[in-house]
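Novice: Provide a 3D model corresponding to the input given below.
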Amino acid sequence: MTNKAAPLALITGGFRRVGAAIAAHFSDHGYSLALHGHSDIKPEEALQNTLTQNNTQWQGFGADLRQADAAAILMDAVINHFGRAPDVLINNASLFQNDTVDSQTQESFDAHMAVNFRSPLFLTKALIERSDRQVSIIQIIDQRVRNPNKDQTSYTLSKQAFAESIRTQARSYGKQARINGIAPGFTLAPDGFDDTHIARIAGAMPLEINSKPQDIAQAAFYLVHAKAVTGQLLFVDGGAHMESYARDFEFM
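Specialist: Now for the predicted structure:
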């Protein structure tokens, strides 16, 4: 039995890392949650504890967002389980791989565009078509769209396309949906980063801090409830978008 009084949020990539922080924040504020994962749909430990403590109504859904029909299938699965369309969609799932213009392949480009651009656009479309009320949609982008570097070319191009879609979709759907984006900076270190490397990256930011998962979660919650805001891209990045870095943070 689901709690139909609680608003419902669908969060892609919602079991791990930044997605898990967003899910925990919305759980703390009384939301029911539909959490998507590529294949593993078991929440990380901290998120599981939050869901349990809050007695959150939630369900996990697996979907490979590279597949052309994944968006519609996922949305229908969520609606069938909860008996209603989500009030909120947070397109957080992302594919991130290293390539450059020299090593880029059509296969890599297509995969990044499918996961990072096509699927969130069609999840947005699927939700709006199935909802009878105004919905709020948050697109998770990347600060590098403002000042790109030469690394992770396919990823960067897909996020640039995704960022440009926000205003177009917000204008096209009008009052049916408020569509906004968040552009995080360096937030969670990959394996192999030591404290010195992380501190060096923070020191290169205008605010001399790196963004944290909780910063992204707070920004998402604000945008979901900012009733007069649509078509905006909010940089939550320690000021990184105001700088131009020659290489990705990995190489700093």
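
Novice: okay, the longest strand along the chain in CSV with CA atoms only?
Specialist: If you go by DSSP state E, the chain has its longest strand at strand 177-184. Only the C-alpha atoms of strand 177-184 are listed here, as CSV (Å, rounded to 0.1, in the frame of the first residue of the first chain):
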residue,chain,number,x,y,z
ALA,A,177,5.9,21.5,-16.3
ARG,A,178,8.5,23.6,-14.6
ILE,A,179,11.8,22.4,-16.0
ASN,A,180,15.1,23.5,-14.4
GLY,A,181,18.7,22.3,-14.2
ILE,A,182,21.5,22.0,-11.7
ALA,A,183,25.2,22.1,-12.8
PRO,A,184,27.4,20.5,-10.1
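
Novice: Give the partner strands of that strand in its sheet and their orientations.
Specialist: strand 135-140 (parallel), strand 233-236 (parallel) (DSSP bridges).

Novice: Residues contacting the longest one, please?
Specialist: Outside of strand 135-140, the residues within contact range by Cβ atoms under 8 Å, 6 or more residues apart in numbering are 18, 85-92, 94, 120, 124, 127-128, 162-163, 165-166, 169, 176-182, 184, 216, 220, 223-225. For glycine as for every other residue, the C-beta is placed from the backbone atoms N, C-alpha and C.

Novice: Quick check: next helix or strand after it?
Specialist: helix 153-173 (DSSP states H and E).

Novice: what does that following helix rub up against?
Specialist: 94-97, 99-101, 104, 108-109, 111-113, 115-117, 120-121, 124, 128, 137, 139, 141-142, 144-145, 148-149, 177-181, 183, 230-233.

Novice: ok, back up a step: with respect to burial, which of the strands paired with strand 177-184 scores highest?
Specialist: Most buried of those, by mean neighbour count (mean count of other Cβ atoms under 10 Å): strand 135-140, with a mean of 25.
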